[in-house]
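K.L.:
Mind folding the following:
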Amino acid sequence: MGTATAGKSGSTWRNWAGNVSATPARVVEPASVGDVQEAVRRAAEQGLKVKAVGTGHSFTAAAATDGVLIRPQALAGILEIDRSAGTVKVAAGTVLKDLNQALAREGLSLTNMGDIMEQTVSGATGTGTHGTGRDSASIAAQIRALELVTADGRMLVCSEKENPEVFAAARIGIGALGVVTSITFAVEPLFFLTAREEPMGFDRVMDEFEQHFAENEHFEFYWFPHTGNCNTKRNNRSPGPAAPPGAVSAWVEDELLSNGLFQAVNSLGRAVPGTIPGIARIASRALSARTYTDIPYKVFTSPRRVRFVEMEYALPRERVVAALRELRAMVDRSDLRISFPVEVRTAPADDIALSTASGRDTAYVAVHMYRGTPYQAYFTAAERIFTAHGGRPHWGKVHTRDAGYFAEVYPRFGEFTALRDRLDPDRVFGNDYLRRILGD
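P.N.:
As a prediction, this is how the structure comes out:
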């Protein structure tokens, strides 16, 4: 067993966006799985709640606690590679960026991934992080096994063969079932993706959405509110070789749309909201088509240094075009000033109880606001549209839904809550957020 280090009690934890904070009674940084088990047992004996936290990229209070906060960052790295089975076992505190780089050195890759890689593998999968894919689903859907410390300090190994009912739920467990200490992912030999980015009008994207979805392994697009302009991105496998973006187009993507210049533009928009529509028109017209080829994580992911708050809803794929047309009409008739583009992605149906794509082909619509800008009016209006279409909010992003709503939109909601009752009857892993979304 390693030596767990305890942080200062009374120190405040904040998430990445700065919209959630908590003051735990104790912070534990385990050096081994045994340390996690001991921390859970000790907390339960003392009547304290326990939450594990990754890098804080959730916008909800999923990890907030006034009890024991476990920071598993020392539990990091690849534990085992099984090339014949096509799997890699990873410690739960491993950051996705480190995993992607380590896999690439081994000539391996995940099949699909989200668009940022700053999260830990357990935090990303536990909240349902996803990218976009016609046939390949969320990161959690690529899990083949996991190890879970439950409320009594026991270790459960979960897969389709061992504890399959736990495996069916714990891949996206929102921290409610226990502390994940390792994850075994399906991987495949490293491959190349060719990305084609192309500006396109909003109406054309809406009219051709199903065609673009069907013709591409990975299709996504961004719509710039206050304009009729979108930027589309199509990723498909290719034989290579690598041909990364040129310096100018890399600067446009990285600085104009994502980071330094985008930060300045958002700061101006926050100070003078009336400038936003004009800026949006200029920015959306500055885009030009480009094509590049690279290994998967260099195509799927990009750095995000500009802090924001986000809401994302998963809709039945056949409802997304109607919902987006309503969203655009709502923005156009409102006084809202939206400086961030709206992101649209897809996922196939999967078999995870509380996956946002559970049992249905899905399209995701994500709305963002610059950190420090009032977001409630925009998010409330957007949420009204999304829920009218049977939407399911991302577990790690801003929403106002509760257990009553989720019982209606998740056919397997009762399966998850019954499992929670069995594994954590005393709610050792409970907090206010889980009480709202799962019930008492």
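
K.L.:
tell me the mean pLDDT over stretch 202-222?
P.N.:
Stretch 202-222 shows a mean pLDDT of 98.

K.L.:
And that stretch, what's buried?
P.N.:
Across stretch 202-222, burial judged by 16 or more other Cβ atoms under 10 Å covers 202, 205-206, 209, 212-213, 216-222. (Glycine included, C-beta is placed from N, CA and C.)

K.L.:
likewise stretch 353-369?
P.N.:
For stretch 353-369, burial by neighbour count (16+ other Cβ under 10 Å) applies to 353-358, 360, 362-369.

K.L.:
Check stretch 62-72 too.
P.N.:
62-65, 67-72.

K.L.:
would a markdown table of these with secondary structure be doable?
P.N.:
Below are the buried residues of stretch 62-72 laid out as a markdown table (DSSP: H, G, I helix; E, B strand; the rest coil):
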| residue | secondary structure |
| --- | --- |
| Ala62 | coil |
| Ala63 | coil |
| Ala64 | coil |
| Thr65 | coil |
| Gly67 | coil |
| Val68 | strand |
| Leu69 | strand |
| Ile70 | strand |
| Arg71 | coil |
| Pro72 | helix |
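
K.L.:
For these, give me TSV that also has pLDDT and distance to Leu190.
P.N.:
TSV is the format used below for the buried residues of stretch 62-72 (pLDDT from 0 to 100; distance: Cβ to Cβ, whole Å):
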residue	pLDDT	distance to Leu190
Ala62	93	32
Ala63	92	32
Ala64	93	38
Thr65	96	39
Gly67	96	42
Val68	97	39
Leu69	97	36
Ile70	97	33
Arg71	96	31
Pro72	94	27
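
K.L.:
And those, which is closest to Ser138?
P.N.:
Lowest distance from Ser138 to those (Cβ to Cβ) belongs to Ala62, with 16.3 Å.

K.L.:
Verify the stated contact: that closest one with Trp395.
P.N.:
Yes. With contact defined as Cβ atoms under 8 Å, Ala62 counts as touching Trp395 (6.7 Å).

K.L.:
Give me the common contacts of the two.
P.N.:
127, 174 (Cβ atoms under 8 Å, 6 or more residues apart in numbering).

K.L.:
how far does stretch 284-304 sit from the chain's center?
P.N.:
19 Å (Cα atoms, centre = their mean, to the nearest Å).

K.L.:
ugh, wrong one, I meant stretch 419-432
P.N.:
In this view, stretch 419-432 has its centroid 23 Å away from the chain centroid, taken as Cα atoms, centre = their mean.

K.L.:
And it, end to end?
P.N.:
By Cα to Cα, to the nearest Å, the extent of stretch 419-432 from end to end equals 19 Å.

K.L.:
Please identify the helix or strand for the closest residue in space to Ala382 that isn't next to it in sequence.
P.N.:
Spatial nearest neighbour of Ala382, excluding adjacent residues (Cβ to Cβ, 6 or more residues apart in numbering): Val367 at 5.0 Å. Using DSSP states H and E, Val367 sits within strand 362-370.

K.L.:
strand partners of that strand, parallel vs antiparallel please.
P.N.:
strand 308-316 (antiparallel), strand 342-347 (antiparallel) (DSSP bridges).

K.L.:
which stretch among the ones you listed comes nearest Thr373?
P.N.:
Comparing the strands paired with strand 362-370 by Cβ to Cβ, strand 308-316 comes nearest, at 8.1 Å.

K.L.:
where does the chain dip in pLDDT?
P.N.:
Applying pLDDT under 70 to the chain flags the ranges 1-10, 248-262, 286.

K.L.:
And it, what are its domain boundaries?
P.N.:
Listed by automatic domain parsing, the domain ranges of the chain are 74-189, 192-294+306-393.

K.L.:
Give me whichever of the ones you listed is most buried.
P.N.:
When neighbours are counted by mean count of other Cβ atoms under 10 Å, the highest per-stretch mean among these falls to domain 74-189, a mean of 21.

K.L.:
Now do the helices in the stretch 1-150 of the chain.
P.N.:
Along the stretch 1-150 of the chain, counting by DSSP state H, counting those that start in this stretch, helices occupy 33-45, 96-105, 121-126.

K.L.:
Which one, of these, ends up nearest to Thr291?
P.N.:
Closest to Thr291 of those, according to Cβ to Cβ: helix 96-105, at 21.5 Å.

K.L.:
Need the contact partners of the closest one.
P.N.:
76-78, 88, 90, 109-110, 113-114, 117-121, 124, 187, 190, 295-297, 301.

K.L.:
now the strands paired with strand 362-370 as TSV including distance to Asp426?
P.N.:
Shown next, in TSV, are these (distance: least, Cβ to Cβ, whole Å):
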stretch	distance to Asp426
strand 308-316	31
strand 342-347	35
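
K.L.:
wait, Asn216 sits on Asp135?
P.N.:
No. Asn216 is beyond contact range of Asp135, at 10.5 Å (criterion: Cβ under 8 Å).

K.L.:
that older thread, looking at the strands paired with strand 362-370, spot the one closest to Lys161.
P.N.:
Lys161 sits nearest to strand 342-347 of all the strands paired with strand 362-370, at 25.4 Å, using Cβ to Cβ.

K.L.:
roughly how far out does that closest one sit from the chain middle?
P.N.:
In terms of Cα atoms, centre = their mean, the centre of strand 342-347 is found 12 Å from the chain centre.

K.L.:
Start the count at 13 instead of 1 going forward.
P.N.:
Shifting the count to begin at 13 puts that one at strand 354-359.

K.L.:
on that earlier part again, any chance of the helices of the stretch 13-162 of the chain in JSON lines, plus distance to Arg340?
P.N.:
Listed next are those as JSON lines, based on distance: least, Cβ to Cβ, whole Å:
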{"stretch": "helix 45-57", "distance to Arg340": "47"}
{"stretch": "helix 108-117", "distance to Arg340": "32"}
{"stretch": "helix 133-138", "distance to Arg340": "30"}
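
K.L.:
What helices and strands are in contact with the strand or helix carrying Glu209?
P.N.:
Glu209 belongs to strand 204-213 when assigned by DSSP H and E. Packing partners of strand 204-213 (3 or more Cβ pairs under 8 Å, 6 or more residues apart in numbering; DSSP states H and E): strand 241-250, strand 302-306, helix 308-312.
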